[in-house]
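*Asks:* Have a look at this prediction, sequence included:
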4 protein chains.
Amino acid sequence: MATHQHTSFLENHKHRVRLLISCQDQPGIVAAVSHFLHENQANIIQSDQYSTDPSGGIFFMRIEFELLEMIEPNKLEEKFKGVAQRFQMDWRFSYANHIKRMGIFVSQQDHCLLELLWHWRSGDIVADIPLVISNHPKLRDDVEALDIPFHYIPIDKTNKQAAEETQLALLKEHNVDFIVLARYMQILSPEFVVHYPNKIINIHHSFLPAFMGARPYERAYERGVKIIGATSHYVTNSLDEGPIIKQGVKEVSHKNNTNELKRIGRITERDVLADAVSLHLEDRVIVYQNKTIVF
Amino acid sequence: MATHQHTSFLENHKHRVRLLISCQDQPGIVAAVSHFLHENQANIIQSDQYSTDPSGGIFFMRIEFELLEMIEPNKLEEKFKGVAQRFQMDWRFSYANHIKRMGIFVSQQDHCLLELLWHWRSGDIVADIPLVISNHPKLRDDVEALDIPFHYIPIDKTNKQAAEETQLALLKEHNVDFIVLARYMQILSPEFVVHYPNKIINIHHSFLPAFMGARPYERAYERGVKIIGATSHYVTNSLDEGPIIKQGVKEVSHKNNTNELKRIGRITERDVLADAVSLHLEDRVIVYQNKTIVF
Amino acid sequence: MATHQHTSFLENHKHRVRLLISCQDQPGIVAAVSHFLHENQANIIQSDQYSTDPSGGIFFMRIEFELLEMIEPNKLEEKFKGVAQRFQMDWRFSYANHIKRMGIFVSQQDHCLLELLWHWRSGDIVADIPLVISNHPKLRDDVEALDIPFHYIPIDKTNKQAAEETQLALLKEHNVDFIVLARYMQILSPEFVVHYPNKIINIHHSFLPAFMGARPYERAYERGVKIIGATSHYVTNSLDEGPIIKQGVKEVSHKNNTNELKRIGRITERDVLADAVSLHLEDRVIVYQNKTIVF
Amino acid sequence: MATHQHTSFLENHKHRVRLLISCQDQPGIVAAVSHFLHENQANIIQSDQYSTDPSGGIFFMRIEFELLEMIEPNKLEEKFKGVAQRFQMDWRFSYANHIKRMGIFVSQQDHCLLELLWHWRSGDIVADIPLVISNHPKLRDDVEALDIPFHYIPIDKTNKQAAEETQLALLKEHNVDFIVLARYMQILSPEFVVHYPNKIINIHHSFLPAFMGARPYERAYERGVKIIGATSHYVTNSLDEGPIIKQGVKEVSHKNNTNELKRIGRITERDVLADAVSLHLEDRVIVYQNKTIVF
């Protein structure tokens, strides 16, 4: 079974809800939202806000709160509509007791996959993993050892569309909420991406926008940089240009050849990706105009 | 004149106020505070909160807001009393247009002093510096070049009490709000410290609690550590045990002798101290039980 | 089988040798050593040296070189004796084609163990792992999945000496070269340690010398530090006071409770330990008077 | 006078020499060089080497040594010619008691200039500063306060060539060895650059190759990066594409607007530039094919 027993998390978070808001900045938002929560017997655990310009920009908010007791589905949403309409909010409640379902795509490199699986089994990453999809059979054992289904879907020039349809069908069948490309070495088509807007997390092996595109470590070596990095971002149809969630770097020197840059880079890649996935799982990332607000 | 012309800061912050709160965590605090601010036509710019334990710990909050127009002195305080009493808050408003008055204590080393002066003249550190006090005459020119009065008060075993009284008189005369020990190589007596509780910022040249006390770089060299650091903390009567505001580190190796550790350390010391001073100036630090909440 | 196929490493390093030297600094050492190597048709790949004091301190050197063809065992040693005696050197040759045999000790936490195993299977850590020893059965599956023998040797107050004797017998039987304590939660007795001087690598979960001893994260939380760390060091009979090989740190804040410090710390611990093990495997660490020279 | 009294440095380094070599890698280089040094009663202090490919690449070496007594000018060079010719080396000796003469170019921003001046007066940067050249009068007082001549040479579209000729005449007159562009906001013409090949150090305010060209912080903000950086490199005629000496980075977030990115960036810029200048002064940088070997 691909569902890790996140028992203690669920025990601690069964009444935990997050509210995410964006709207035009204007007076009274915080007062209205906190009044609403107080009325509904919610205790605020954490609250973050940001405004692009306090005198009339876009306002973003994430509030995590504890309900005294769990409410019926959609009840909170219904009650909140009034407040939301008053300020013309984009908004959603996210319930921590709905464990998000994460589909992992992988090719031949194991470091990002193993990192996610380790954080998952240690309980640091709270998600269900209904499936791992790969265009190579190589990592099957690592996945199946943890009782996670592994789907080998080979891709070549002739079958890409069909392969993506197979992938989409599997994702739908397993109610996958979001996808992590854990060094998946294929470019997803716009037809695929449209199904998961801001819900596909990629790890790029450079500190973007440096070395966009292919072979970043080779090009970093050529350029003689003294720092290499990795970037986790949401996938859009502009390759390597999606909203950046997290970046990390490591120092290197003339002594490091391309293979060593890759080796050093793997450590950064897995750390950055795991952080980005955690942020997404905890509903800490709001996308606005190709940038992220990370609370 | 020791008052830097923070004109553009004052222009942008003339209606800016910060509210700092600590109290027992309980439902309704945020609602009550944000309702109060809304009623008083305040637009919240930034808000941070933390609770040591959401089910009944200590609640801390810092709200930065913009008033529609500036209010009479003490008016806001008077109005807020009701809310404060209801939740038994420790609280204070801090007005950004009151530029804080910073007294700097220094001995012979210049790096922390020059860092503060550079940030001050560049406008990154918004404070008035009515005086610099030193137990050595060495840095007089650096200070006076910026039209800041420099007071040379020598200290030896016989005159420490008298010297501190002279210092206190000067600080009082110049309405100093807080003191920065920029590598001041004297221990302040409890009689001195009591006048500035959580208002004396020190920089210690190790990553406390490692190498408490004297000669930390010598001892770091002896121990063969691979990382050295610096710690900025509020001064209490327990030497090097006051609440930590900020820490920083740098990697070192066997190649670095004690002098080189000191040279490398100076960079960390000045950065960490400047950060700590900025945090204090922006009312971002709340002290609770010998620890800091840094918003 | 516990021997990973380090085929390509062996192919590339079959003529690779490292020479490690310490002696009183004096003129002519480098000339004599490089002359010796040139005479023996060795091509120097990398060379590092350090002197505690160029005018008469202790001189340390590590030279990695490639022999034109592999020499008979002990031949190089015999030839070098003349040079060594002339400068009264402590010295040894280390042959890269002798894959070092690493014994891992572990308890219940998996992160350091899994990190070593991942680096091992990816070929970044070139070692044989003839066995893993644990005082808990918990991690057996992770170890055996990679065909590495797992020995469960429970320890309590009554059987410590016997348990250590069992451990020593196993280590001897499997010709273990060095031991890694991958969060092994037992203190080794002096009777054990004496068998592996500067050959037992521990990971301590603080930036030593801060928080020596037990419960470092709890104490870090109590003290309110803003940085936590990990330290890898050789085990001596002075607990947590052995020569430091590598240290790493991460920033934390008031928001992180003890459990979160532990979670954040695990990332640092595994990185620092893996780096220390790599340095040891590549003969880059020379111990001198409770400190390390790391080339 | 623009010559800082580097008395203690000179005392400690009066017999200190550095030898820099690049040539085709081949057996016997180290033996020949160290034999030569031993013959000439030189005690090696530090030695670093690197080969792009030990089986036939380019070999680089930097040896720092202490002569028993100072030799006549050119004597060492003459003696070394035989060794150099045998291996067809590019080579030079650099005498530490020749204090390098550094010309600083600056515009209106003070942070990089002040950093260099602070390191200079503290003795961390051992150089003479015969002049500072600026296209703005703004920083005159900071420079002249340290008795360093300040030359204000305004530049506009019409007089660029004449201005550069004036600059070159001044540099020549003062025997300037190398130039530091401490946030000098003018592009030097190829006619200027040709006079100082690999002797003009620039600081670019991004982690190159990201955000080459103008307005990097504005573009970093637009892109929503989570890390900003600075790059110090030698100036060539390909703008922002010269050999990188040093890079540094700092984490940022959505909260930082462009002005804050600039403020944060200034800290990185000055640190990176000061490091690069130190490396250059200590002859630690060898340029090869648009990349640097940094020993």
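*Replies:* Received, thanks. Residues are numbered from 1 along each chain as shown, chains lettered A, B, ... in the order given.
*Asks:* residues of the worst-scoring helix or strand of chain A on mean pLDDT that come out buried?
*Replies:* The helix or strand with the lowest mean pLDDT-type score in chain A, counting by mean pLDDT, DSSP states H and E, is helix A:7-13 (a mean of 85). Residues of helix A:7-13 classed as buried under the neighbour-count rule (16 or more other Cβ atoms under 10 Å in any protein chain shown) are A:F9, A:H13. Every C-beta, even on glycine, is put in place using the N, C-alpha and C of the backbone.
*Asks:* excluding its backbone neighbours, what's nearest A:W118?
*Replies:* Taking Cβ to Cβ, 6 or more residues apart in numbering or on different chains, and ignoring the residues beside it in sequence, A:W118 has C:L114 as its nearest neighbour in space, at 5.9 Å.
*Asks:* show me what contacts that neighbour?
*Replies:* For C:L114, the contact set (Cβ atoms under 8 Å, 6 or more residues apart in numbering or on different chains) comprises A:L114, A:W118, C:D142, C:R270.
*Asks:* Please report how far the first one lies from C:H111.
*Replies:* It refers to A:L114. 12 Å (Cβ to Cβ, to the nearest Å).
*Asks:* what stretches of chain A score poorly on pLDDT?
*Replies:* Across chain A, residues meeting the criterion (pLDDT under 70) sit at A:1-5.
*Asks:* give me the number of residues near the residue in the stretch 101-250 of chain A that chain D sits nearest to?
*Replies:* Taking Cβ to the nearest Cβ, chain D has its nearest neighbour within the stretch 101-250 of chain A at A:G224, 3.3 Å off. If you count neighbours by other Cβ atoms under 10 Å in any protein chain shown, A:G224 ends up with 22.
*Asks:* and if you look at A:Q41?
*Replies:* A count of neighbours around A:Q41, defined by other Cβ under 10 Å, yields 14.
*Asks:* Please report phi then psi for it.
*Replies:* For A:Q41, the backbone dihedrals are phi 60, psi 40 (criterion: degrees, to the nearest 10).
*Asks:* need the strands for chain A, in chain order.
*Replies:* Listed in chain order, the strands found in chain A under DSSP state E are A:16-24, A:42-51, A:58-67, A:90-95, A:101-106, A:128-134, A:150-152, A:178-181, A:200-204, A:227-234, A:244-251, A:285-288, A:291-294.
*Asks:* Quick one: residues contacting A:L116.
*Replies:* Residues in contact with A:L116 (Cβ under 8 Å, 6+ apart) are A:I104, A:I125, A:V180, A:A182, A:L273, A:A274, A:V277.
*Asks:* mind giving me the domain split of chain A?
*Replies:* Structural domains annotated on chain A: A:7-95, A:101-294, as defined by automatic domain parsing.
*Asks:* Do any residues in the shortest one lie close to chain B?
*Replies:* Yes - under the criterion of Cβ under 8 Å from any Cβ of the partner chain, domain A:7-95 makes contact with chain B via A:25, A:27-28, A:30-31, A:34-35, A:37-38, A:41, A:43-51, A:54-55, A:66.
*Asks:* Report whether that domain contacts chain D.
*Replies:* Yes - shown here: domain A:7-95 in contact with chain D (Cβ under 8 Å from any Cβ) through A:Y50.
*Asks:* What of stretch A:183-201?
*Replies:* No - applying Cβ under 8 Å from any Cβ, one finds stretch A:183-201 separated from chain D by no less than 13.3 Å.
*Asks:* Just the residues contacting that stretch, thanks.
*Replies:* Counting contacts by Cβ under 8 Å, 6+ apart, the residues touching stretch A:183-201 from outside are A:105-109, A:111-113, A:134-135, A:155, A:160-161, A:164, A:167-168, A:171, A:177-181, A:202-203, A:205, A:232-237, A:239, A:243, A:245, A:269, A:273, A:276-277, A:280, A:287.
*Asks:* Please check these and keep the buried ones.
*Replies:* A:105-107, A:109, A:111-113, A:134-135, A:155, A:164, A:167, A:171, A:177-181, A:202-203, A:205, A:232-236, A:243, A:245, A:269, A:273, A:276-277, A:280, A:287.
*Asks:* which parts of chain A sit against chain C?
*Replies:* With the criterion set to Cβ under 8 Å from any Cβ, chain A comes near chain C through A:D110, A:H111, A:L114, A:W118, A:S122, A:D124, A:A145, A:R263, A:R266, A:I267, A:D271.
*Asks:* For A:E72, state which of the residues you listed is nearest.
*Replies:* Within the residues of chain A next to chain C, proximity to A:E72 (Cβ to Cβ) peaks at A:D124, which comes in at 31.2 Å.
*Asks:* Distance to B:K14 for the strands of chain A - can I get that in JSON lines?
*Replies:* Putting the strands of chain A into JSON lines (distance: least, Cβ to Cβ, whole Å) gives the following:
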{"stretch": "strand A:16-24", "distance to B:K14": "25"}
{"stretch": "strand A:42-51", "distance to B:K14": "19"}
{"stretch": "strand A:58-67", "distance to B:K14": "23"}
{"stretch": "strand A:90-95", "distance to B:K14": "33"}
{"stretch": "strand A:101-106", "distance to B:K14": "49"}
{"stretch": "strand A:128-134", "distance to B:K14": "53"}
{"stretch": "strand A:150-152", "distance to B:K14": "62"}
{"stretch": "strand A:178-181", "distance to B:K14": "45"}
{"stretch": "strand A:200-204", "distance to B:K14": "44"}
{"stretch": "strand A:227-234", "distance to B:K14": "40"}
{"stretch": "strand A:244-251", "distance to B:K14": "36"}
{"stretch": "strand A:285-288", "distance to B:K14": "30"}
{"stretch": "strand A:291-294", "distance to B:K14": "28"}
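*Asks:* sorry, back to before: mind giving me a markdown table with the domains of chain A and columns for distance to C:E191?
*Replies:* Supplementary listing: the domains of chain A in a markdown table, determined by distance: least, Cβ to Cβ, whole Å:
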| stretch | distance to C:E191 |
| --- | --- |
| domain A:7-95 | 41 |
| domain A:101-294 | 35 |
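*Asks:* hang on, A:I99 packs against A:I125?
*Replies:* No - taking Cβ atoms under 8 Å as the contact criterion, A:I99 and A:I125 are not neighbours in contact, 10.6 Å apart.
*Asks:* And the least confident helix or strand of chain A, how far out from the chain middle?
*Replies:* From the chain centre to the centre of helix A:7-13 is a distance of 21 Å (Cα atoms, centre = their mean, to the nearest Å).
*Asks:* sorry, back to before: derive a ChimeraX selection command for the buried subset of the residues of domain A:7-95 next to chain B.
*Replies:* In ChimeraX, selecting the buried portion of these, with burial taken from 16+ other Cβ under 10 Å, looks like this:
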select /A:25,28,30,31,34,35,37,38,43,44,45,46,47,48,49,50,51,54,66
